[in-house]
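**Q** Sharing a model that was predicted from the sequence below.
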Amino acid sequence: AKYVYDFTEGNRNLKDLLGGKGANLAEMTNLGLPVPPGFTITTDACRHYLAEGDQPDGLEQEVAGHLDALEAAMGRKLGQADDPLLVSVRSGAKFSMPGMMETVLNIGLNDESVHGLAKQAGGNDRFAWDSYRRLIQMFGKTVLGIDGDLFEEALDRLKGRRLDTDLSAGELQRLVETFKAIVRDQTGTDFPADPREQMRLAILAVFDSWNAPRAILYRRQERIPADLGTAVNVVAMVFGNVGNDSGTGVAFTRDPGSGHQGIYGDYLQNAQGEDVVAGIRNTIPLEELENIDRRSYDELLQIMETLENHYKDLCDIEFTIERGKLWMLQTRVGKRTAAAAFRIATQLVDQGLITLDEAVTRVTGDQLAQLMFPRFDAAAEKKKIAKGMNASPGAAVGKAVFSSARAVELAERGEDVILVRRETNPDDLAGMIAAKGILTSRGGKTSHAAVVARGMGKTCVCGAEELEVATGERRFTAPGGVVVSEGEVISIDGTSGEVYLGEVPVVASEVVEYFEGAEPDGELVKAVDRIMRHADEVRRLGIRANADTPEDAARARRFGARGIGLCRTEHMFLGERRQLVEDLVLATTDEERRQALDALEPLQKSDFAAIFRAMDGNPVTIRLIDPPLHEFLPDIVELSVRVATEEATDKDRKLLAAVKRLHEQNPMLGLRGVRLGLVIPGLFDMQVRAIAEAAKEVRGARPEIMIPLVATVQELEAVREESARILAEVGVEALIGTMIEVPRAALTAGQIAEAAEFFSFGTNDLTQMAWGFSRDDVEAAFFSQYLDLGIFGVSPFESLDRDGVGRLVAIAVREGRAARPDLHIGICGEHGGDPDSVHFCHEVGMDYVSCSPFRIPVARLEAGRAAL
Ligand code: ADP
Ligand code: MG
Ligand code: MG
């Protein structure tokens with residue numbers, strides 16, 4: 001196997017093997033840019049070393065061979081006493097992990113070659129001793145594992161109030177002695193003087209740094225796979241610390257904040273690479289280099305243009321100037337803010353560097369989502385009191401309230417409120433809707449509060465565990481004894497998870513105003529508009545919304561949905577209608593049951609008619625009632641207490657008996673969905689009739705009736721027959737289809753398709769049942785540990801689990817279509833608005849995705865990206 005690549009052998013497509021830094025150093029070398037010569041040891045070698053605890057056979061010889069070639073090219077040998085070649089040994093993984101791993105500069109210096117280096121630089125002793133002390137410092141810390149503070153403190157003692165550049169050659173020479181003593185003290189051996197031994201140890205230290213705790217943590221957070229390993233780059237040293245005609249800097253080819261082209265960077269005279277980021281001295285703006293070294297400056301601008309034209313994107317770079325000669329030490333396609341990503345993509349189209357297709361692939365749904373939330377004014381003063389999880393982005397300000405009822409009450413008076421709870425449950429829904437934002441002290445990113453808030457596009461910070469929420473006393477306590485009582489104003493940032501005391505000023509999202517129908521205005525919105533139009537043009541997937549109310553349906557249409565993929569009917573049984581549901585449950589005779597259903601039907605009919613109108617001729621998929629009936633009945637504890645008192649009515653006692661009768665150990669697996677429809681005579685019939693009557697009333701209505709929780713075709717056939725009869729009776733047409741949300745349904749999709757005109761994947765339940773995870777319990781209980789353990793990188797409730805749940809989906813799509821080629825297929829679970837899941841839906845051949853109104857632009861964009 002080949003484990004070492006010279007810079008002339010690699011290229012930018014070899015990031016897996018050479019890491020990002022190595023691949024791009026090779027690319028720049030081949031572009032003819034001034035890169036110091038060097039070579040890259042592959043990630044293969046690192047993986048082998050980490051797995052076996054030893055370097056692969058032949059690696060040392062191969063490295064020696066490349067070093068020989070490097071020495072020949074440079075005309076000097078590594079650490080040669082009278083005229084030394086020095087090298088840096090630099091980590092560089094496939095994905096940039098800034099500052100997480102190690103790099104050692106100035107390898108090859110020892111008590112002899114330090115004099116040779118001084119001679120090389122025209123008798124510059126100061127520079128040589130400065131380089132030597134840097135080597136011992138970096139090597140000591142990185143390779144030998146010595147506490148870096150020991151070196152820093154020795155340096156600080158020597159410097160006093162002076163700058164490092166004020167130290168004389170003699171002082172630096174003494175510092176080298178001090179540093180060597182530190183090494184001896186801490187390790188019991190001398191600093192290794194043999195240059196090749198220095199290099200060998202540094203390479204192994206870079207391999208090992210892949211598994212440094214901070215690197216592991218960073219990978220987990222950024223979802224970078226743990227088994228990639230790092231490449232190691234050995235690069236001939238060039239020196240920015242020779243004097244004032246030398247220096248080092250970093251730059252962007254355009255502003256990563258705004259996307260504008262220009263000169264963005266920092267420069268530090270008489271310094272080595274690390275000094276710029278370490279902040280040991282103040283850097284100067286890159287423009288000022290023009291006055292210091294005009295030639296290098298012009299060359300740098302020229303190179304930046306070359307890189308932009310070559311990479312066709314924003315690049316960031318590291319460079320060093322050694323006595324008037326410019327050297328390029330690193331480049332990569334640079335990180336940028338969400339707004340800059342959109343701007344840059346369209347600017348590059350205007351410059352003729354990329355096509356609109358490419359521009360669509362250069363931005364992500366996550367970036368778009370970031371642009372849609374209002375934000376706190378970055379410049380405002382803030383008093384942070386806690387930090388929780390960034391569950392649903394946005395910025396919300398309001399008075400703290402501690403119950404759903406108070407939230408509703410205050411909101412009705414026109415006040416902005418933040419609902420603060422330990423955790424939320426379905427009873428809090430009204431308060432959550434009324435509130436500007438939701439703050440909980442318990443639960444993770446898929447807790448009830450988080451999921452519901454994201455669905456509503458409402459700001460939410462969850463699991464802020466530092467907060468003691470005392471609901472009864474209507475107050476919470478934050479660290480440092482800060483007490484916030486009902487009515488006091490707080491501000492929560494759902495993008496960062498931060499909680500502030502008092503009001504932080506908010507700026508609205510112009511991107512949402514645009515989606516709401518405002519004319520595209522301003523550079524950013526125009527960029528978004530162009531990219532969205534193109535995404536719509538290229539996408540194959542249709543976009544529908546999960547919407548239960550005419551308001552949501554109307555917003556969804558403005559945001560670009562062409563149909564409703566999931567209209568839930570359960571909320572239509574809440575509020576004042578609870579009474580009617582209670583009557584239904586308590587009915588003991590057919591007559592009583594009929595009366596209760598007859599009372600519900602006109603209400604349902606008007607609900608549906610309003611939604612048909614809002615969707616204006618677009619299809620509306622209505623799911624018949626899904627949750628178990630007891631969810632519509634009073635709480636068992638409250639009711640028991642009431643029954644124990646004198647005022648209890650006869651009805652209360654009957655209700656309690658019914659609640660007890662309906663009580664289930666495991667309601668999510670109990671009497672719900674199609675099971676309920678088959679067991680309670682007339683319930684589904686009433687809903688179907690209401691749909692049919694409403695459709696008859698609204699011209700152009702396109703109802704689709706969706707049966708939830710079907711596990712076997714027999715269930716579906718029973719409902720279907722009855723429904724078809726009612727539709728015929730009323731004289732309207734509607735598709736009849738089913739959700740695929742029980743694993744058995746996915747596995748028998750061929751049979752089920754015989755009775756279904758469409759499938760819609762309910763991936764929330766499907767995930768729950770495929771994994772055997774109770775969604776309402778496991779998430780808060782142990783998902784954070786699962787994430788820490790690396791069992792999964794992202795919750796399967798957030799992003800569709802391709803390997804398991806995805807396999808069920810793929811089977812159902814294939815077998816469903818085999819049985820019925822024109823079967824219409826979509827998804828209506830939370831995943832319908834998740835970028836990676838949208839790509840999956842495209843790949844598996846679905847016809848559409850359906851998601852909450854606020855996620856629709858994200859789904860449109862990702863559907864476009866998936867098609868390219
Ligand atoms: P990081 O990935 O943390 O940026 P690098 O490997 O890029 O680490 O190196 C750290 C610093 O040392 C950078 O500023 C880089 O430009 C500088 N550097 C690395 N190799 C050399 C070299 N051969 N000559 C001069 N400076 C170098
Ligand atoms: Mg770097
Ligand atoms: Mg379901």
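**A** Sure thing, it's come through. These numbers were taken from a predicted model, which means no experiment stands behind them. Ligands and ions are numbered 1, 2, ... in the order given.
**Q** could you pull out the helices for the stretch 251-400 of the chain?
**A** 274-278, 289-292, 294-311, 338-350, 356-361, 365-372 (DSSP state H, counting those that start in this stretch).
**Q** Now render those as CSV, adding distance to A181 and mean pLDDT.
**A** In short, each C-beta sits where N, CA and C put it, glycine included. Formatted as CSV, these follow (distance: least, CB to CB, whole Å; pLDDT from 0 to 100):
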stretch, distance to A181, mean pLDDT
helix 274-278, 23, 72
helix 289-292, 38, 96
helix 294-311, 39, 96
helix 338-350, 49, 94
helix 356-361, 56, 98
helix 365-372, 51, 91
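**Q** Looking at those helices, spot the one closest to ligand 3.
**A** Within the helices of the stretch 251-400 of the chain, the stretch nearest ligand 3 is helix 365-372; the backing value is 23.8 Å (CB to the ion).
**Q** so that closest one versus helix 338-350, what angle?
**A** Angle of helix 365-372 versus helix 338-350, following axes from the mean of the first three to the mean of the last three CA atoms, to 10 degrees, is 110 degrees.
**Q** mind listing what's buried in helix 365-372?
**A** Within helix 365-372, the residues that count as buried by 16 or more other CB atoms under 10 Å are G365, Q367, L368, A369, Q370, L371, M372.
**Q** what's it packed up against?
**A** Packing contacts for helix 365-372, counted by 3 or more CB pairs under 8 Å, 6 or more residues apart in numbering; DSSP states H and E, involve helix 338-350, helix 510-515, helix 523-538, helix 835-844, helix 856-867.
**Q** Out of those helices, which is the most enclosed?
**A** Mean neighbour count (mean count of other CB atoms under 10 Å) peaks for helix 856-867 among these, with a mean of 25.
**Q** got the CA coordinates for that one in CSV?
**A** What follows is helix 856-867, C-alpha atoms only, in CSV (Å, rounded to 0.1, in the frame of the first residue of the first chain):
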residue,chain,number,x,y,z
ILE,A,856,-42.3,24.3,3.9
PRO,A,857,-39.6,26.6,2.4
VAL,A,858,-36.9,24.2,3.8
ALA,A,859,-38.7,21.2,2.3
ARG,A,860,-38.9,23.0,-1.1
LEU,A,861,-35.2,23.9,-1.1
GLU,A,862,-34.1,20.4,0.0
ALA,A,863,-36.4,18.8,-2.5
GLY,A,864,-34.6,20.9,-5.1
ARG,A,865,-31.2,20.0,-3.8
ALA,A,866,-32.1,16.3,-3.8
ALA,A,867,-33.0,16.4,-7.5
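**Q** quick one: Q347 and G259 touch, right?
**A** Yes - with contact defined as CB atoms under 8 Å, Q347 counts as touching G259 (6.2 Å).
**Q** would you list every one of the helices in the stretch 51-200 of the chain?
**A** 59-74, 113-120, 125-142, 148-159, 169-187, 195-209.
**Q** Adding distance to L639, mean pLDDT and mean neighbour count, write those helices out as TSV.
**A** Output for the helices of the stretch 51-200 of the chain, formatted as TSV (distance: least, CB to CB, whole Å; pLDDT from 0 to 100; neighbours: other CB atoms under 10 Å):
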stretch	distance to L639	mean pLDDT	mean neighbour count
helix 59-74	74	97	16
helix 113-120	86	97	21
helix 125-142	67	96	24
helix 148-159	64	94	15
helix 169-187	70	97	17
helix 195-209	62	96	21
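**Q** can you list the ones you listed in CSV and add distance to ligand 3?
**A** Converted to CSV, the helices of the stretch 51-200 of the chain look like this (distance: least, CB to the ion, whole Å):
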stretch, distance to ligand 3
helix 59-74, 55
helix 113-120, 71
helix 125-142, 53
helix 148-159, 54
helix 169-187, 61
helix 195-209, 46
